[in-house]
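Student: I'll drop the sequence and a predicted model, then ask my questions.
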Amino acid sequence: MTWNSWWKNARVAGLYQTGTSGPWELDEFDVEEKDALISLFAYRDRAPEPGRYARLKRNGRVIMSDTPAEIRDLHELYVHAQNAERVLINGLGLGCALRLALASPTVEHVDVVEIDANVINLVGVYYATDSRVEIRQADAFELEWPRGTRWEAAWHDVWDDLCTDNLSSEEFAVPGTYARLNRKYGRRVKWQGAWGQELLQDMRRRGQ
């Protein structure tokens, strides 16, 4: 599958109805060419191309969107889902990771763990009739799985910010550390990845 194909498979703009649930809002926004150029100056390779995108906001703050840069962050999941039958996704968000996993012809089941019922109300409803998908409202750090539950691939995306504290600082990580999730699921999955983990590890090595 080419970049253009899998990027489109993961995108959700135009697929959901906009709306609110609790402090969360799901809507869409347009990026004009001039805005893309300004963004390019400010954020370099994470600038969105001109187009229409979806975003999920909490209390007015954008938590995630389906811009190309955020879809690119899912590339490792895409690679490992190509040969997986069972996939675990911690953090539903906009459902981009879920859509990417479901686009794999080998995937038979996807477990999704989402702590916030409002996010499930806004996004999870679109997957309620897909027999391959099971969404649990739970804390990914605390949920106990039945003995023997395993997956070929797992993706963790439960953080609002890219902060090096979130890698391993049990004191300052919000809502918990990458290290703790990796340990929790390490014996249950063949491969696991997390949003921004490699970038944060590189930032820590550079002392940023």
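Tutor: Perfect, I can see it now.
Student: quick one: the strands in the protein?
Tutor: Assignment of strands within the chain using DSSP state E yields the ranges 19-21, 24-31, 51-58, 61-65, 86-90, 109-114, 133-137, 151-156, 189-194.
Student: Nearest to H75, out of these?
Tutor: strand 189-194 (9.3 Å; CB to CB). Every C-beta, even on glycine, is put in place using the N, C-alpha and C of the backbone.
Student: Show the low-confidence segments of this protein, by residue range.
Tutor: Judged against pLDDT under 70, the low-scoring parts of the chain cover residues 1-4, 33-48, 208.
Student: Without its sequence neighbours, what residue ends up closest to P175?
Tutor: Among residues not flanking P175 along the chain, V158 sits closest, at 6.2 Å (CB to CB, 6 or more residues apart in numbering).
Student: Include mean neighbour count when you put the strands of the chain into JSON lines, please.
Tutor: Written out in JSON lines, the entries for those read as follows (neighbours: other CB atoms under 10 Å):
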{"stretch": "strand 19-21", "mean neighbour count": "13"}
{"stretch": "strand 24-31", "mean neighbour count": "17"}
{"stretch": "strand 51-58", "mean neighbour count": "18"}
{"stretch": "strand 61-65", "mean neighbour count": "16"}
{"stretch": "strand 86-90", "mean neighbour count": "25"}
{"stretch": "strand 109-114", "mean neighbour count": "22"}
{"stretch": "strand 133-137", "mean neighbour count": "17"}
{"stretch": "strand 151-156", "mean neighbour count": "24"}
{"stretch": "strand 189-194", "mean neighbour count": "19"}
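Student: Export the ones you listed as a markdown table, with columns for distance to A97.
Tutor: Supplementary listing: the strands of the chain in a markdown table, determined by distance: least, CB to CB, whole Å:
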| stretch | distance to A97 |
| --- | --- |
| strand 19-21 | 20 |
| strand 24-31 | 16 |
| strand 51-58 | 13 |
| strand 61-65 | 10 |
| strand 86-90 | 5 |
| strand 109-114 | 9 |
| strand 133-137 | 12 |
| strand 151-156 | 5 |
| strand 189-194 | 10 |
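Student: These: which one's closest to V12?
Tutor: The closest approach between V12 and any of the strands of the chain, judged by CB to CB, belongs to strand 51-58 at 4.9 Å.
Student: Walk me through which strands the closest one pairs with, and which way each runs.
Tutor: Counting by DSSP bridges, the strands paired with strand 51-58 are strand 24-31 (antiparallel), strand 61-65 (antiparallel).
Student: Burial check on the residue nearest to P175, number of neighbours?
Tutor: For V158, the neighbour count with other CB atoms under 10 Å is 22.
Student: where's it relative to D27, distance?
Tutor: If you measure V158 against D27 using CB to CB, to the nearest Å, the figure is 22 Å.
Student: ditto for R188
Tutor: Distance from R188 to D27, counting by CB to CB: 36 Å.
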